[in-house]
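Trainee: A structural model of the following input is requested.
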Amino acid sequence: MKNIYLKHPPYCNDVITIAPSRYAIFDDPSIGRKFNGRTGIKEYFNSYFVGYKTQTKKVKRILKEENQAHLEVEFTGDFPEGKIGGTFDFKFEAGKISYVLADLI
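Mentor: Numbering: from 1, shown residues only. Model prediction:
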C-alpha cells in the first residue's frame, strides 16, 4: 500500500485514492458517528470536508502491516478552529479500504 490518499474533491487536496469497499465503515469518534458503505462515507466527506472547504495536508504515514496503515494529517478550513490535526487508521481487504478510524488530535 504505497499510496493511501483519500480523494474527496473539491477542497481536500491531499488525502484517499484507494477506493473504499462497498461495506467499508468510517468511524469518527470526534463527532460520535460511524458512516457505513460508500454512500455513508460520501456523506461524511460532503458534510465535514466539502461543507467546511477543508484542505488536508499529510504530516506522516506509517504502514503498520500489509493491510493496515496510520496517517497523520493537518486540516485547515472554514471551521471554528481554522487549523487542527487529525489521524486516520486504515484497514484494507482485497486492495480496498474496509475500515477507517478517524480522530482529531
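
Trainee: what about the helices in the chain?
Mentor: In the chain, the helices defined using DSSP state H lie at 37-45.

Trainee: where does it dip in pLDDT?
Mentor: 1-18 (pLDDT under 70).

Trainee: again, 80 this time
Mentor: Applying pLDDT under 80 to the chain flags the ranges 1-20.

Trainee: now Lys96, nearest residue through space, not along the chain?
Mentor: Distance criterion CB to CB, 6 or more residues apart in numbering; nearest residue to Lys96, sequence neighbours excluded, is Ser21 at 4.1 Å. All C-beta atoms are positioned from the backbone trio N, CA, C, and that covers glycine.

Trainee: so how far is Tyr44 from that neighbour?
Mentor: 15 Å (CB to CB, to the nearest Å).

Trainee: What of Phe75?
Mentor: Note on Phe75: its distance to Tyr44, by CB to CB, is 13 Å.

Trainee: ok, back up a step: isn't the residue nearest to Lys96 up against Ile97?
Mentor: Yes. Using CB atoms under 8 Å, Ser21 makes contact with Ile97 at a distance of 6.5 Å.

Trainee: Looking at the two, which is more packed in?
Mentor: Neighbours were counted for Ser21 and for Ile97 using other CB atoms under 10 Å; Ile97 has more, 23 against 17.

Trainee: Next, the contact list for the closest residue to that one other than its chain neighbours, please.
Mentor: The shortest distance from Ile97 to any residue other than its chain neighbours is 4.3 Å, reached at Pro20 (CB to CB, 6+ apart). Contact analysis of Pro20 by CB atoms under 8 Å, 6 or more residues apart in numbering lists 26, 37-38, 41, 96-98, 100.

Trainee: quick one: which of those residues is nearest to Val59?
Mentor: Val100 (16.7 Å; CB to CB).

Trainee: how close does the residue lying closest to the closest one once chain neighbours are set aside get to Pro80?
Mentor: Nearest non-adjacent residue to Val100, counting by CB to CB, 6+ apart: Phe26, 4.8 Å away. Separation of Phe26 from Pro80 (CB to CB) stands at 22 Å.
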